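> could you work out the structure for the sequence below:
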Amino acid sequence: MSTLLIAGTAPRAGKSTLAAALLAYEQRYLQETTGKGLCLKPFTPRVADNGWLNLAQTWQQLTQFTEEMVLMELPGSLGTPLTPEVTVADIAWDWRLPVVLVAPVTAGLVGQLVAHVALARQARVHLKGIVINPVEAQPTSQSAIALIEGLTQIPVLGQLPHLPDPNDSAALAAAAAALDLERLFPLSMLLAS
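Residues are numbered from 1 along each chain as shown. Next up, the predicted model:
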C-alpha cells in the first residue's frame, strides 16, 4: 500500500479539488494514452457521530488497499484533532504518510503556510510539497511563491487554476498536468505508466 495524505491549511482549502484533479489526470493522460495508470484510489474516512475518527477502523480500511496508490483526505488541517489526543499531523507521522499541503489563496497565505510547515516539522511529517489553490480567479505571484519556498524550504508544486466548474474532468486533468507530479509520486510509478 502506498498512500499520499492530502492536507489543507484551512477548511475548504481545496483538498478534494486536488484529489479530483489527480484522478482526472490519471484517467485522461495515463489510462487513455498508455492503457495504464497509477491505480489512484480516493479514501476519505468517515467521522463518527461524536465528531471523532475511529483510528483502528480507519487503519484497517486503509490497509485493505494493496495494489493502489491511495489519495487520503482527513478532516481539517494538520492541526485538526481527530481524537482528543491525536491530530492529523500525528497520524501522518504515526502512519508514515507523506503529505501534500493545499493552501487557499487568502490574505494570510504566507503566514498559514509558515505555521503549517512548522507544525509539520515539529510532528516529523514528511511534506512532499505545497499546492496553492486560488479560490477566486487571481493566482499567486511568482514573488509570493519564491517567498513561500524561501521561508518554508518546501517546494511549491504549482497552483490549481480557478475552476468555475469543479466537475469539468478536462479542466481538472489539465490542472494536475501543470503540477510537479514527479515530487508527489515515485518516479517508478510514473515511468511504469
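
> could you list the residues in contact with the single longest strand found in the chain?
In the chain, assigned by DSSP state E, the strand with the most residues is strand 69-77. Under the criterion Cβ atoms under 8 Å, 6 or more residues apart in numbering, residues 1-11, 13, 15-16, 19, 22-23, 38-45, 47, 53, 62, 80, 82, 88, 91, 97, 116, 185, 189 lie in contact with strand 69-77. (Glycine included, C-beta is placed from N, CA and C.)

> return the subset of these lying in helices.
The members of the contacts of strand 69-77 that map onto helices under DSSP state H are K15, S16, A19, L22, L23, L62, V88, I91, H116, M189.

> what is the mean pLDDT for the longest strand of the chain?
On average, the pLDDT along strand 69-77 is 90.

> dump the C-alpha coordinates for that strand into PDB.
Extracted C-alpha coordinates of strand 69-77, given in PDB (Å, rounded to 0.1, in the frame of the first residue of the first chain):
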ATOM      1  CA  MET A  69      -1.900   4.500  -4.600                       C
ATOM      2  CA  VAL A  70      -4.300   5.900  -2.100                       C
ATOM      3  CA  LEU A  71      -5.200   9.600  -2.000                       C
ATOM      4  CA  MET A  72      -6.300  10.100   1.600                       C
ATOM      5  CA  GLU A  73      -8.200  13.100   2.900                       C
ATOM      6  CA  LEU A  74      -8.700  13.700   6.600                       C
ATOM      7  CA  PRO A  75     -10.900  16.500   8.000                       C
ATOM      8  CA  GLY A  76      -9.500  20.000   8.500                       C
ATOM      9  CA  SER A  77      -5.800  20.900   8.600                       C
END
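
> nearest residue to the middle of the chain?
Geometric centre of the chain, nearest residue: I6, 2.5 Å, by Cα atoms, centre = their mean.
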